Each structure stands twice: as structure tokens, then as C-alpha cells.
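[1] Following is a predicted model, sequence given first.
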Amino acid sequence: MLALVMLINRSGSMVLPFLGVYMTAHLKFSIENTGIVLSFFGIGSVIGSWLGGYITDRVGEYKVQYISLLLSVPLFCLIPIFKTEVGVALIILLQSIVSDAFRPANSVAITKYAKPENITRAFSLNRMAVNLGFSIGPALGGILSAISYEFLFYSNALASFLAGLLY
């Protein structure tokens, strides 16, 4: 079940691969400023992973995964509202903190629910779901971005919502 949640969630992973193109082509950011704004995604990922692990130790993996998935929904929907470098950087920072809090909680859940003799298989299945989802997401993202970049954000939000419902 955890792998299916991960597959659905990562199948919606279409924002990151197209974020640089969105900022340069649609928002008309310079290449330099686009790079700076994208670095906020990485910073948020590091903070989110650390924070997710910290909170998981205190409230448990289920709550962290569920809240991360559901809080990602409005954050993805808010991204297209921001049109300045500072605004996009801040919403991307917040969104990546929330989304990446999911990762350590997911790892804890795998080790908690998998039998000891199946831990390696469970992590492999989860990793396969991530990779498969991340191959589906950008393919769909290419189609959606040709229609409207906003569809990328809303589709990513929908995938997070569906994964949260399934979880």
C-alpha cells in the first residue's frame, strides 16, 4: 500500500522538471534568477527531510505522511499566484519543506510494517514506485505544459490529494 501511495504521489511529480522552464518562459525570470529560485527548492528539501524526521519521532509516521500529502495540495495550487522571484522562491521553499517531510516518515513506515526478512524488498518496491512515478509525471507534465503551465501545479496537487485519500 505504501508503494502505491508513493506511485500516485510521484506520478504527479511534474512541477519540478518544468519549474525552470515555467519561470523563464512564462514568468520571464532571468536564467540567473531562475537558478537562485530553484535553489530554494533544494534548501526546502533539506529542511523538510530533517523536520520530517524530527516530527516523525514525536508524532509518528502516519500523521506526518498524511499531513504532508494534504498540506501539499493548497501549496501546489498557490504557486501560480506568485509572479515575482521572491514570491516564487518563498512558496517553493515552503512547498518543498512540506512535501519532503513525507520522505523520512515513509522510510519509518516501511521499516515498521515490513517483516524483517522483507525490508530490502519493501524498500526496493518503494524505490521502484518512486522511479516509475517520476517517469510518468514528467511525461504527463510535458503534455499539460503545452496546454497551460497552471495545469502542472493543479495536477501535482491532485496527485497529492489522491495519495492522501488512499493513505
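    Sure thing, it's come through.

[2] Give the closest residue to the residue most central in space within the chain in space, chain neighbours not counted.
    Ranked by distance to the mean C-alpha position of the chain (C-alpha atoms, centre = their mean), the top residue is residue 99 at 4.6 Å. In this structure, residue 99 finds its nearest non-sequential neighbour in residue 72, 5.0 Å apart by C-beta to C-beta, 6 or more residues apart in numbering. Every residue, glycine included, has its C-beta placed from N, CA and C.

[3] for residue 79, same thing?
    residue 153 (5.0 Å).

[4] quick one: secondary structure of the nearest residue to residue 12 once chain neighbours are set aside?
    Across the structure, with C-beta to C-beta, 6+ apart as the measure, the residue nearest residue 12 apart from its sequence neighbours is residue 159 (2.2 Å). Of the three states, residue 159 takes helix according to DSSP: H, G, I helix; E, B strand; the rest coil.

[5] returning to that earlier point: and the residue nearest to the centre of the chain, how far from residue 12?
    The span separating residue 99 from residue 12 equals 11 Å under the rule C-beta to C-beta, to the nearest Å.

[6] which neighbours do the two share?
    residue 160 (C-beta atoms under 8 Å, 6 or more residues apart in numbering).

[7] Would you confirm that residue 113 contacts residue 62?
    No: look at residue 113 against residue 62 with C-beta atoms under 8 Å: they stay out of range, at 10.3 Å.

[8] Which strands or helices does whatever helix or strand residue 145 lives in pack on?
    Taking DSSP states H and E as the criterion, the element that holds residue 145 is helix 119-147. Packing partners of helix 119-147 (3 or more C-beta pairs under 8 Å, 6 or more residues apart in numbering; DSSP states H and E): helix 2-11, helix 15-21, helix 102-113, helix 149-166.

[9] Identify each buried residue in it, please.
    Residues of helix 119-147 classed as buried under the neighbour-count rule (16 or more other C-beta atoms under 10 Å) are 122, 125-126, 129-130, 133-134, 136-138, 140-141, 144-145.
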